[in-house]
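K.L.:
Predicted coordinates and the sequence they were generated for:
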Amino acid sequence: MTAPMRAESLSALRRTDVVGLARELGPQFAEHADDADANDRFVAANFETLKTSGLVEAAVPAELGGGGAEVAELAAMLREMARHCASTALAFAMHTHQVAIPAWRWRHQNLAAVEPLLKRIASERILLLSSGGSDWIGGSGEAVKVDGGYRISGRKVFTSGAASGNLLMTGAVVHGEDGTDSVIHFGVPMSSPAVSIADTWRVMGMRGTGSNDVVIDGLFVPDASVALTRKSGEWHPLFQIISTIAFPLIYAVYLGVAENAREIAVGMARKKRQTPHALRLAGEMDTALRAAQLAHRWMIDIVERNAPSADSVNEVMIGRSLVASNAIRAVELAMELAGGASFYRANGLERCFRDVQGARFHPLQAGPQAEYAGAVALGLPTATIF
């Protein structure tokens with residue numbers, strides 16, 4: 001087993017080469033991947049390694065004690081990690097984007113309010129959780145106004161890495177007396193007695209992410225802990241920032257899965273007699289993979305413009321759909337190229353096929369994404385398309 005690097009020795013390295021560190025830790029992550037997949041078990045050991053490696057704070061600005069990695073570096077880190085254990089990479093992407101977003105706001109909006117959280121991530125190496133699709137534009141759960149704050153109840157599905165997380169970044173819906181709904185946003189300490197984890201993650205792929213439901217039952221959130229209040233069911237500028245930054249990180253994982261599938265398939269195909277059919281499959285596979293790589297590069301280009309908006313959401317989400325469809329297609333072709341042997345779990349392609357299917361389900365899914373892009377093309381409002 002590869003021993004994890006000492007965190008105190010990583011200061012210079014992780015500020016310049018988080019990808020190299022992910023590559024070095026990759027074989028250790030891979031050791032736990034088969035067991036996690038076969039037994040629906042969270043990759044807890046890999047997350048313990050992440051906590052001591054220095055990667056937990058990689059996205060925190062260096063001035064605040066972190067690694068100072070930008071989105072492009074973080075995406076490349078997750079892409080490399082996915083080659084070794086896709087579940088570790090996807091679950092860690094949820095923490096990574098929750099750090100990258102306040103880091104971006106600190107750098108580009110001079111938002112001092114995020115400093116305490118970022119400093120805490122750097123010093124304590126706390127892990128942030130995302131409630132993801134269950135807290136999309138419409139919001140979920142219920143917040144009831146009480147003296148001094150809100151009483152929160154709800155069930156947050158798809159909470160990747162729930163068992164290792166310290167703070168769940170989430171929200172809840174406030175039903176107004178006038179019939180309008182708003183959403184408040186806040187952090188939930190996972191140690192609270194009002195919070196529990198329901199063991200629900202029995203799924204097709206990404207089995208090791210431990211994306212169980214988090215149940216919140218009567219949690220009190222003080223008024224002072226509410227970070228944002230917004231209208232339910234409409235895009236807010238904060239969600240334009242979230243979408244622009246988060247999805248290039250999340251979809252780097254699926255790109256890494258497709259790249260891993262390609263390498264496995266080529267290795268298997270080279271051991272067999274080559275036929276014109278095999279050549280065509282290999283060529284189609286690499287063409288689909290290149291399309292996914294180019295689309296992902298476009299997503300990173302949009303992030304690096306540092307101008308989140310309705311237009312940047314459109315461009316990132318077009319990239320998200322192109323990465324998803326081409327990554328899935330590349331893995332399908334990899335299985336065909338490898339032949340019947342790809343059906344055996346031991347060869348790794350079967351898991352790549354199952355894991356990459358998750359690319360279908362993050363927002364904006366194919367239908368809403370096309371509607372959003374169509375509205376932009378025709379000069380129509382996008383505020384309620386999600």
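P.N.:
Sure, I can see it.
K.L.:
and Glu259, how many neighbours?
P.N.:
Neighbours of Glu259 under the rule other C-beta atoms under 10 Å: 22. Just so you know, the C-beta spots here come from the backbone N, C-alpha and C atoms, and that holds for glycine as well.
K.L.:
can you map out the helices along the stretch 51-200 of the chain?
P.N.:
Taking DSSP state H, counting those that start in this stretch, the helices of the stretch 51-200 of the chain run over residues 71-84, 86-108, 115-124.
K.L.:
The second one vs helix 71-84, what angle?
P.N.:
Direction vectors for helix 86-108 and helix 71-84, defined by axes from the mean of the first three to the mean of the last three C-alpha atoms, to 10 degrees, enclose an angle of 170 degrees.
K.L.:
just checking, what packs against helix 86-108?
P.N.:
helix 18-39, helix 44-53, helix 71-84, helix 115-124, strand 128-130, helix 237-269, helix 349-356 (3 or more C-beta pairs under 8 Å, 6 or more residues apart in numbering; DSSP states H and E).
K.L.:
Tell me where the model's unsure across the stretch 1-150 of the chain.
P.N.:
Per-residue confidence for the stretch 1-150 of the chain (pLDDT under 70) gives these ranges: 1-16.
K.L.:
Now with 50, please.
P.N.:
Across the stretch 1-150 of the chain, residues meeting the criterion (pLDDT under 50) sit at 1-14.
K.L.:
nearest to Lys156, of the helices of the stretch 51-200 of the chain?
P.N.:
Across these, Lys156 has its closest neighbour in helix 86-108 (11.9 Å, C-beta to C-beta).
K.L.:
buried stuff in stretch 28-35?
P.N.:
Neighbour-count burial for stretch 28-35 flags 28-30, 32-33 (criterion: 16 or more other C-beta atoms under 10 Å).
K.L.:
In CSV, could you pull the C-alpha coordinates for that stretch?
P.N.:
Taking Å, rounded to 0.1, in the frame of the first residue of the first chain, the C-alpha atoms of stretch 28-35 are listed here in CSV:
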residue,chain,number,x,y,z
GLN,A,28,-4.0,3.8,-2.8
PHE,A,29,-7.5,5.1,-3.7
ALA,A,30,-7.8,2.3,-6.3
GLU,A,31,-7.1,-0.4,-3.6
HIS,A,32,-10.5,0.5,-2.0
ALA,A,33,-12.5,0.9,-5.2
ASP,A,34,-13.5,-2.7,-5.8
ASP,A,35,-14.6,-3.4,-2.3
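K.L.:
What is the neighbour count of Ala377?
P.N.:
9.
K.L.:
With Val174 instead?
P.N.:
19.
K.L.:
shouldn't it be in contact with Phe186?
P.N.:
No - the criterion here is C-beta atoms under 8 Å, and Val174 misses it with Phe186 at 11.8 Å.
K.L.:
if we can go back for a sec, any chance of the helices and strands packed on helix 86-108 in a markdown table, plus distance to Gly161?
P.N.:
As requested, those are exported to a markdown table (distance: least, C-beta to C-beta, whole Å):
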| stretch | distance to Gly161 |
| --- | --- |
| helix 18-39 | 12 |
| helix 44-53 | 6 |
| helix 71-84 | 13 |
| helix 115-124 | 15 |
| strand 128-130 | 6 |
| helix 237-269 | 13 |
| helix 349-356 | 16 |
